[in-house]
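# got a predicted model here, sequence first, then my questions.
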Amino acid sequence: QVQLQESGPGLVKPSQTLFLTCAVSGVSITTAPYYWSWIRQAPGKGLEWMGHIRYDGNGGFRPSLKSRASISTDTAKNMFTLRLTSVTPEDTAVYFCSRATEGRDDHDSWGQGAQVVVSS
């Protein structure tokens, strides 16, 4: 059974860089045909897909975040990390990591979410 667990700082100051890590157990992140995603939900808003990294290391991002977001992997630790630069209060949200399968629209496994507040 696959499990995902987010970890991060909780509070970040404006203009800083946010790092969030998702530890995965139960399956290797290099296993096809899985994609590993970051999705967030700002207060009072719906879910927003941010980007993903594929089993082969290729990725994709929401156009509005492409200049600020990146995802890296640590295959030895079986985890992937979101890097979001130049954060603003508008980046305050609960951040989720999830697993999707190539060719399908749904995300079948989710972490519990990590609250991030951007405030000075």
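Perfect, thanks for sending it. Note that the structure is predicted; figures quoted are calculated from it, not measured.

# what sits against the spatially most central residue of the chain?
Geometric centre of the chain, nearest residue: Trp38, 2.5 Å, by CA atoms, centre = their mean. With contacts defined as CB atoms under 8 Å, 6 or more residues apart in numbering, the neighbours of Trp38 are 20, 22, 49-52, 69, 71, 82, 95-98. No exception for glycine: its C-beta is placed from N, CA and C like everyone else's.

# one more time with 10 Å
Neighbour list for Trp38: 6, 20, 22, 48-53, 61-62, 65, 69, 71, 80-82, 84, 95-98, 111 [criterion: CB atoms under 10 Å, 6 or more residues apart in numbering].

# same thing with Glu90?
With CB under 10 Å, 6+ apart, Glu90 has these contacts: 14, 42, 118.

# tell me which of those residues fall in helices.
Cross-referencing those against helices under DSSP state H gives no overlap.

# and the helix or strand hosting the residue nearest to the centre of the chain, what's buried?
In the assignment (DSSP states H and E), Trp38 maps to strand 34-41. Within strand 34-41, the residues scored as buried using 16 or more other CB atoms under 10 Å are 34-40.

# let me know the closest of the residues you listed to Val27.
Tyr34 (7.0 Å; CB to CB).

# what sits against the closest one?
Here Tyr34 is in contact with 2, 24, 27-28, 52-55, 99-102, 108-109 (criterion: CB under 10 Å, 6+ apart).

# 7 Å instead?
55, 99, 101 (CB atoms under 7 Å, 6 or more residues apart in numbering).
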